[in-house]
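Novice: Provide a 3D model corresponding to the input given below.
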Amino acid sequence: MDFQKSHIHPLCVHAWFENQVNHAPDAVAVVFGSQQLTYRDLNNKANQLAWQLHKREVGVETLVGICVERSAQMIIAMLAVLKAGGAYVPLDPSYPRERIELMVEDSHISVLVTEEKLSKNFSSEAVQMICVDADQVQIAKESTDNLNTAITANNLAYVIYTSGSTGRPKGVLIEHHSLTNFVESMSGKYQVTAQDRVLQFASISFDVAVEEIFITLVQGATLVLRSQEMLRSIPAFLQTCQAWDINILNLPTAFWHRLCGEFPQVQIPACVRLVVIGSERAIPHWLSAWKQYTPSNIRLVNAYGPTEATVGSTLCDLAGPYAVETENSRVLPIGKPIDNAQTYVLDEELRPVDFGISGELYIGGAGLARAYLNRPQLTSERFIFVEHPEAGRIRLYKTGDWVRYRKDGHLEFLDRIDRQEKIRGFRIELSEIETVLEMHTSVEKGKKKKKRKKKKKRRSKLKKMK
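Specialist: Next up, the predicted model:
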């Protein structure tokens, strides 16, 4: 594809959010159950926690863990870490304790923002803990003024862990300019305004949460955190969206498949204007059902992108006023690159292939991660440099995804080259599962027993030969 680059917003997302605070301080920023925070409230609380982090020597490039349950405190903590100059490391408390400990150990976080009941899950004495509930009185004494930190666009914003083929999760380092570029591009493409109410669906350990949270807060819209109760069934989910007057939904593709399977017994609330799906392949059958039972004014956008390229790299309108042609298609398109992203379909010799010919997808542009944390060899394997006829030497991420270009320039996802799978939106390395299984005592015994049988068989064969 042609190499194109456009302007990136000059502010980091937390400073961009602060502009919204100045513009409309009394607008509702976050809703969770019966709790509401205005933009002024959210900024004040984030600043108080940021000053507390500053006292714990959190500064530029300091990694800070966040392990809190879904609540307004989750959003406050994310903003606070960014305001203090650090980079947040999300640790979903629902994850297995062993996995969380691996991430804490690998990231060498010095400070952890958590809750008192969750703090018992962390054994490292080297980590300073700030409990947002137990330390609430102390935090509330801090200043509500914005911090003035020396953050640049090239500093880290967050580290999100994905599955690793060695059995250990791997951290992806995302810088501020990559986050800002993504948020600015999506805000425009989704046409987010201050009147929108956006559902916050994803775990903060899943990078779609970055999209949900920050495109909302920089545009002055309202972020509504989902409840666990609304997930008990598709009718309950849609009824709650109606009651909460939700305009924008960002759903895992698997959840969208379930939703489409309930048609025509359910219908999309009239308040919804945009549904974004992603994280795995969308099935054409369910798109047909969507078009049959959903009003044509509701946009359905198929988004694609690995964590290593900052949440999303391509978009495609599958239904609604901007929909591309998908009739008689066995594979639904994942679209064209977002602003300041480039996509290349290359063969094994890193040569571009023609339209309709399959190849591996490589991504370039402003969204590329800095590296994998503490994994220089893996970084050099997946982030490569190639010569571009127009741009010179450029850096690309090797996705491992098998794709092809349609004649209209939209990409189609065909398959994975490696053994990685997507389950309900989460990246799963099959070799990681194998590694964990091999550590189990029963598997160890089985392997030893198998070895003994082989040795016994060889001895028996040798005796016969003699």
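
Novice: for L251, give me its contacts.
Specialist: By Cβ atoms under 8 Å, 6 or more residues apart in numbering, the residues touching L251 are F201, L259, V275, V276, I277. Any C-beta I mention is one placed from the backbone N, CA and C, and that applies to glycine too.

Novice: tell me where the stretch 51-200 of the chain has helices.
Specialist: Defined through DSSP state H, counting those that start in this stretch, the helices belonging to the stretch 51-200 of the chain, from first to last, are 72-83, 97-107, 116-119, 136-140, 176-189.

Novice: before we move on, back to that, neighbour-wise, which of the contacts of L251 leads?
Specialist: Neighbours were tallied for each of the contacts of L251 (criterion: other Cβ atoms under 10 Å), and the maximum of 26 neighbours falls on I277.

Novice: rewinding a little: keep only those of the contacts of L251 that are in helices.
Specialist: For those, the ones inside helices are L259, with DSSP state H as the criterion.

Novice: still on that earlier bit, can you put the helices of the stretch 51-200 of the chain in a markdown table and add mean neighbour count and distance to Q48?
Specialist: As requested, the helices of the stretch 51-200 of the chain are exported to a markdown table (neighbours: other Cβ atoms under 10 Å; distance: least, Cβ to Cβ, whole Å):
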| stretch | mean neighbour count | distance to Q48 |
| --- | --- | --- |
| helix 72-83 | 26 | 8 |
| helix 97-107 | 17 | 25 |
| helix 116-119 | 14 | 18 |
| helix 136-140 | 13 | 5 |
| helix 176-189 | 23 | 22 |
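
Novice: and N43, how far from V324?
Specialist: Using Cβ to Cβ, to the nearest Å, N43 is found at 40 Å from V324.

Novice: count the neighbours of I234 for me.
Specialist: A total of 17 residues lie near I234 under the criterion other Cβ under 10 Å.

Novice: just checking, it touches L259?
Specialist: Yes: A contact is recorded between I234 and L259 when judged using Cβ atoms under 8 Å, the distance being 5.4 Å.

Novice: now list whatever residues contact both of these two.
Specialist: Counting by Cβ under 8 Å, 6+ apart, the residues touching both I234 and L259 are V266.

Novice: could you pull out the helices for the stretch 251-400 of the chain?
Specialist: Defined through DSSP H, counting those that start in this stretch, the helices belonging to the stretch 251-400 of the chain, from first to last, are 253-260, 284-293, 376-382.

Novice: can you check which of the ones you listed gets nearest to E175?
Specialist: helix 376-382 (14.1 Å; Cβ to Cβ).

Novice: list the buried ones in that closest one?
Specialist: Of the residues in helix 376-382, those scored as buried under the neighbour-count criterion (16 or more other Cβ atoms under 10 Å) are T379, R382.

Novice: and that helix, C-alpha only, in PDB?
Specialist: The C-alpha coordinates for helix 376-382 follow below in PDB (Å, rounded to 0.1, in the frame of the first residue of the first chain):
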ATOM      1  CA  PRO A 376      15.100  -8.600  22.800                       C
ATOM      2  CA  GLN A 377      15.300 -11.700  20.700                       C
ATOM      3  CA  LEU A 378      11.600 -12.000  20.200                       C
ATOM      4  CA  THR A 379      11.500  -8.200  19.500                       C
ATOM      5  CA  SER A 380      14.100  -8.600  16.700                       C
ATOM      6  CA  GLU A 381      12.100 -11.600  15.200                       C
ATOM      7  CA  ARG A 382       8.700  -9.900  15.100                       C
END
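
Novice: these two touch, right, A157 and V60?
Specialist: No: counting by Cβ under 8 Å, A157 stays clear of V60, with 11.2 Å between them.

Novice: circling back to that earlier point, can you lay out the helices of the stretch 51-200 of the chain as a markdown table showing mean pLDDT?
Specialist: Written out in a markdown table, the entries for the helices of the stretch 51-200 of the chain read as follows (pLDDT from 0 to 100):
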| stretch | mean pLDDT |
| --- | --- |
| helix 72-83 | 98 |
| helix 97-107 | 93 |
| helix 116-119 | 95 |
| helix 136-140 | 97 |
| helix 176-189 | 98 |
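
Novice: tell me who's in contact with V403.
Specialist: By Cβ under 8 Å, 6+ apart, the contact set of V403 is I334, V345, S358, G359, E360, L361, L411, E412, F413, L414.

Novice: so I66 touches A87, yeah?
Specialist: No: taking Cβ under 8 Å as the contact criterion, I66 and A87 are not neighbours in contact, 10.7 Å apart.

Novice: just list the residues touching the residue nearest in space to the middle of the chain, thanks.
Specialist: The structure's the chain has its C-alpha centroid closest to D207; by Cα atoms, centre = their mean the separation is 1.3 Å. Applying Cβ under 8 Å, 6+ apart to D207 gives the contacts I160, T307, T310, V311.

Novice: which of the residues you listed has the most neighbours?
Specialist: Comparing those on neighbour count, T310 comes out first with 33 neighbours (neighbours: other Cβ under 10 Å).

Novice: show me the contacts for it.
Specialist: With the criterion set at Cβ under 8 Å, 6+ apart, T310 makes contact with I174, S178, L179, N181, F182, D207, V210, G367, L368, A369.

Novice: got it, and R404?
Specialist: V345, V353, F355, G356, I357, S358, G359, L411, E412, L414.

Novice: any idea how far the third one lies from G409?
Specialist: The reference is to F355. Between F355 and G409 the computed distance is 8 Å (Cβ to Cβ).

Novice: more crowded one of those two?
Specialist: Set side by side, F355 and G409 show more neighbours around G409, with 14 against 11, by other Cβ under 10 Å.

Novice: check contacts around the nearest residue to the more buried one once chain neighbours are set aside.
Specialist: Nearest residue to G409, sequence neighbours excluded (Cβ to Cβ, 6 or more residues apart in numbering): K336, at 5.9 Å. When the contact criterion is Cβ under 8 Å, 6+ apart, the partners of K336 are T314, L315, C316, T343, G409, H410, L411.

Novice: can you give me phi and psi for the residue nearest to the centre of the chain?
Specialist: Torsion angles at D207 (phi, psi; degrees, to the nearest 10) stand at phi -70, psi -10.

Novice: count of neighbours near Y397?
Specialist: Residue crowding around Y397 was assessed by other Cβ under 10 Å; the count is 20.

Novice: identify the bridge partners of it.
Specialist: I363, F383 (DSSP bridges).

Novice: isn't it right up against E360?
Specialist: No: taking Cβ under 8 Å as the contact criterion, Y397 and E360 are not neighbours in contact, 10.9 Å apart.

Novice: now the contacts of V403 in CSV, with distance to E381, pLDDT and neighbour count?
Specialist: Listed next are the contacts of V403 as CSV, based on distance: Cβ to Cβ, whole Å; pLDDT from 0 to 100; neighbours: other Cβ atoms under 10 Å:
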residue, distance to E381, pLDDT, neighbour count
I334, 24, 98, 26
V345, 19, 98, 21
S358, 22, 97, 15
G359, 18, 98, 21
E360, 13, 98, 18
L361, 16, 98, 27
L411, 23, 98, 23
E412, 26, 97, 20
F413, 22, 97, 21
L414, 22, 96, 15
